[in-house]
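Trainee: what's the 3D shape of this:
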Amino acid sequence: MQYALLNRYNDNIRPLIDAHEIYALEQGLDNLTLLPCDKHYEQSLTRQVVYGVYKPQPDAQFPKSEIKRHIFEALDKWLYHIDGLTVIQLGIEDIELFSDITIMNSCGHCPTPHKSDDIAFAALLLAPTDFNLGTGKTAAKTAFLRWDGVDPLTTLLNRKGLFSLIAPEKRKKTPPTIENWHSFIDTKRAIQYAQKWR
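Mentor: Next up, the predicted model:
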């Protein structure tokens with residue numbers, strides 16, 4: 001299981017954590033490298049169509065309408081992705097939600113999967129050329145909204161939810177654009193990835 005709730009002392013909210021983020025939390029902020037996010041960096045980013053699932057903070061029990069608002073708040077904003085001790089910044093230019101689909105989750109203490117508030121999506125992602133997602137069988141990459149003036153680890157522990165980026169759409173040979181990217185989406189694949197991801 002890639003995602004779990006982190007128990008903290010005297011806290012009613014257990015942050016939803018990607019197992020790959022624990023190392024950065026253990027090492028602390030002083031050991032993180034935040035890659036610069038300037039005009040040169042922004043111009044070097046490439047677009048790719050990706051499938052994933054948005055996972056809201058479970059203990060916050062946000063209503064579905066608020067979860068959708070959180071997702072759309074992240075459009076055209078910088079997102080953090082923590083890779084070891086390196087913080088990379090990504091962007092989502094556009095997104096299509098499949099919010100009418102029920103996503104089941106395993107929580108570790110329940111004997112069977114149960115209904116979650118997770119939302120499947122396809123998105124037009126802006127990322128470095130060497131930002132490679134798996135095939136849907138390997139670990140997803142996690143991204144979350146950057147809060148201006150707040151460090152990545154504090155944001156991680158207090159975020160409203162996270163984007164679990166599962167797999168890219170690679171079957172089209174032309175590059176996606178803001179105008180044509182919807183034609184790349186395979187709805188069936190998007191839903192299958194989201195339903196099997198825990």
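
Trainee: for residue 124, grab phi and psi.
Mentor: Backbone torsions for residue 124, taken as degrees, to the nearest 10, come to phi -100, psi 110.

Trainee: can you classify the residue nearest to the spatial centre of the chain as helix, strand or coil?
Mentor: With distances taken as CA atoms, centre = their mean, residue 163 lies nearest the centre of the chain, 1.7 Å away. Secondary structure, DSSP: H, G, I helix; E, B strand; the rest coil: residue 163 is strand.

Trainee: I figured it hits residue 133, correct?
Mentor: No. The pair residue 163 / residue 133 is not scored as a contact, 11.6 Å apart, by CB atoms under 8 Å. To be clear about C-beta, it is placed using only N, CA and C from the backbone, and glycine gets the same treatment.

Trainee: partner strands of the lowest-mean-pLDDT helix or strand in the chain, with direction?
Mentor: Least confident helix or strand, the chain: strand 104-105 with a mean of 72, by mean pLDDT, DSSP states H and E. Paired neighbours of strand 104-105 in the sheet (DSSP bridges): strand 114-115 (antiparallel).

Trainee: what packs against the lengthiest strand in the chain?
Mentor: Looking across the chain with DSSP state E, the single longest strand is strand 86-98. For strand 86-98, the contact count by 3 or more CB pairs under 8 Å, 6 or more residues apart in numbering; DSSP states H and E identifies strand 33-34, helix 64-73, strand 78-83, strand 119-127, helix 187-196 as packing neighbours.

Trainee: so can I have TSV of those showing mean neighbour count, mean pLDDT and distance to residue 175?
Mentor: Shown next, in TSV, are these (neighbours: other CB atoms under 10 Å; pLDDT from 0 to 100; distance: least, CB to CB, whole Å):
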stretch	mean neighbour count	mean pLDDT	distance to residue 175
strand 33-34	12	94	28
helix 64-73	14	97	24
strand 78-83	20	97	21
strand 119-127	25	97	11
helix 187-196	17	88	19
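
Trainee: tell me which of the ones you listed sits nearest to residue 98.
Mentor: Closest approach to residue 98 among the helices and strands packed on strand 86-98 is made by strand 119-127 (4.1 Å; CB to CB).

Trainee: which strands and helices sit next to that closest one?
Mentor: strand 46-56, helix 64-73, strand 86-98, strand 161-168, helix 187-196.

Trainee: how much space between the closest residue to residue 86 other than its chain neighbours and residue 82?
Mentor: In this structure, residue 86 finds its nearest non-sequential neighbour in residue 33, 5.0 Å apart by CB to CB, 6 or more residues apart in numbering. Separation of residue 33 from residue 82 (CB to CB, to the nearest Å): 10 Å.

Trainee: done for today, thanks.
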